[in-house]
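S.K.: what follows is a predicted structure for the sequence shown.
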Amino acid sequence: MPYYELLTRPVPDPDRTLRYGPHPDQIIDIHEGSGGPLVILLHGGFWRAQHDRTHTRPMAAALAAEGYTVCVPEYRRVGHDGGGYPGTFDDVATAIDTLIATSGGEAPVLVGHSAGGHLALWYALRHRLPATSPWHAHPEIGGVVSLAGISDVTGAYTTHLGNSAAHNLLHNRPDHLNEVDPSRLLPYGDRPLILVHGSKDRVVPVEMSRHFAALTGTAELRELPDTGHFKLIDPLSRAWPTVLEAIASISRRPLLSMEPTSASPQK
């Protein structure tokens, strides 16, 4: 299975960590590049505690090798004390706010995979929340790359996607959807937004990104044929050049390489 292979692949440890709260998972791994643009990478796993940031380390290391400074926040998830609504959202907002505040004014590229794609989109849409919301803000970001993101949490809720993952996230409270569903917080705005999704995704259906792109009217959808869910975060896959180019186009940075980081790329 690609997910478990990503967990066991040898990769460098993060160069340092940054703590943004007292919980053991309120921490950010930092992979130093060569002074390149800041990328904040949000991992997926249906917002559940059993899936943490470690499966994104091959991707983070590959981006750092391209010169990016890559920050991978951990956050409380369903199964943790305080995880799910509202703690997961508190953590993501605080972690990214902390990184932006310490970045010297650099607007980062937010990259999120699966549930992390949802969280990246949600963070970018915080300006659309009511002014009375504790999460209301006007985040200074360069743009978003959503990789097989759960962009329609209402759809995930009504279809019980991922064994009712959205029910777990919201503690069976659909009245919270207006606060956390990117598809309900549009319009997105004028910052770049690229959606990358595989046509063979069996975890998050590609129709979700198609629908969200149509709702925005401005998002660029890059649909990859014969590509599954985890190939989008695998630097050894044939999907990797598309992912890398999407990040580079938002960061306005020349690519060092467009090739997969293996002589024998996987499908």
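M.R.: Received it, and whenever you're ready, just let me know what you need. Note that the coordinates shown come from a computational prediction; the quantities given were computed from them, not determined experimentally.
S.K.: not counting sequence-adjacent ones, nearest residue to residue 173?
M.R.: residue 85 (7.0 Å; CB to CB, 6 or more residues apart in numbering). For every residue, glycine as well, the C-beta is placed using N, CA and C.
S.K.: so what's the spatially closest residue to residue 226 that is not a sequence neighbour up against?
M.R.: Residue nearest to residue 226 in three dimensions, not counting chain neighbours: residue 200, with 5.7 Å by CB to CB, 6+ apart. By CB atoms under 8 Å, 6 or more residues apart in numbering, the contact list for residue 200 reads 225-228.
S.K.: strands of the stretch 151-267 of the chain, start to end?
M.R.: Here the stretch 151-267 of the chain has its strands, by DSSP state E, counting those that start in this stretch, at 193-198, 220-224.
S.K.: can you give me the angle the last one makes with strand 193-198?
M.R.: It refers to strand 220-224. Computed by axes from the mean of the first three to the mean of the last three CA atoms, to 10 degrees, the angle separating strand 220-224 from strand 193-198 equals 10 degrees.
S.K.: what's next to strand 220-224, contact-wise?
M.R.: 192-199, 206, 209-210, 213, 231-232, 239, 242, 246.
S.K.: thinking again about what came up before, quick one: closest of the strands of the stretch 151-267 of the chain to residue 42.
M.R.: strand 193-198 (14.3 Å; CB to CB).
S.K.: select from the contacts of residue 200 the one having the most neighbours.
M.R.: With neighbours defined as other CB atoms under 10 Å, the most crowded of these is residue 227; it has 22 neighbours.
S.K.: distance of that residue relative to residue 2?
M.R.: 11 Å (CB to CB, to the nearest Å).
S.K.: please apply the same query to residue 89.
M.R.: For residue 89, the distance to residue 2 - CB to CB - is 28 Å.
S.K.: same check on residue 106?
M.R.: 32 Å.
S.K.: equivalent analysis for residue 32, please.
M.R.: 27 Å.
S.K.: out of those two, which sits in the busier spot?
M.R.: residue 2 (16 against 13).
S.K.: correct me, but that one touches residue 232?
M.R.: No: using CB atoms under 8 Å, residue 2 makes no contact with residue 232, being 10.1 Å away.
S.K.: now the longest helix along the chain: buried residues?
M.R.: Counting residues, the longest helix found in the chain (DSSP state H) is helix 87-101. Going by neighbour count (16 or more other CB atoms under 10 Å), the buried part of helix 87-101 is 87-93, 95-100.
S.K.: cool, and stretch 103-117?
M.R.: Neighbour-count burial for stretch 103-117 flags 103, 107-117 (criterion: 16+ other CB under 10 Å).
S.K.: ok, stretch 65-81 next?
M.R.: Residues 65-78, 80 are the ones in stretch 65-81 that count as buried (16+ other CB under 10 Å).
S.K.: check the residues you listed and tell me the two furthest apart.
M.R.: That would be 67 and 78, which, of the buried residues of stretch 65-81, are the farthest apart (CB to CB) at 35.0 Å.
S.K.: picking up where we left off before, ok, the buried residues of stretch 103-117 vs residue 147, which is closest?
M.R.: For those, the nearest to residue 147 is residue 113 (4.3 Å; CB to CB).
S.K.: pull the contacting residues for the closest one.
M.R.: Contacts of residue 113 (CB under 8 Å, 6+ apart): 41-44, 56, 147-149, 232-233.
S.K.: now do residue 260, the pLDDT please.
M.R.: On pLDDT, residue 260 comes in at 58.
S.K.: no no, residue 81
M.R.: So, for residue 81, pLDDT stands at 93.
S.K.: same check, this time on the one 10 residues further on
M.R.: If you check residue 91, the pLDDT there is 98.
S.K.: again with the one 4 residues further on
M.R.: Per-residue confidence (pLDDT) for residue 95: 98.
S.K.: distance of the closest residue to it other than its chain neighbours relative to residue 14?
M.R.: In this structure, residue 95 finds its nearest non-sequential neighbour in residue 73, 3.8 Å apart by CB to CB, 6+ apart. Counting by CB to CB, the separation of residue 73 from residue 14 is 12 Å.
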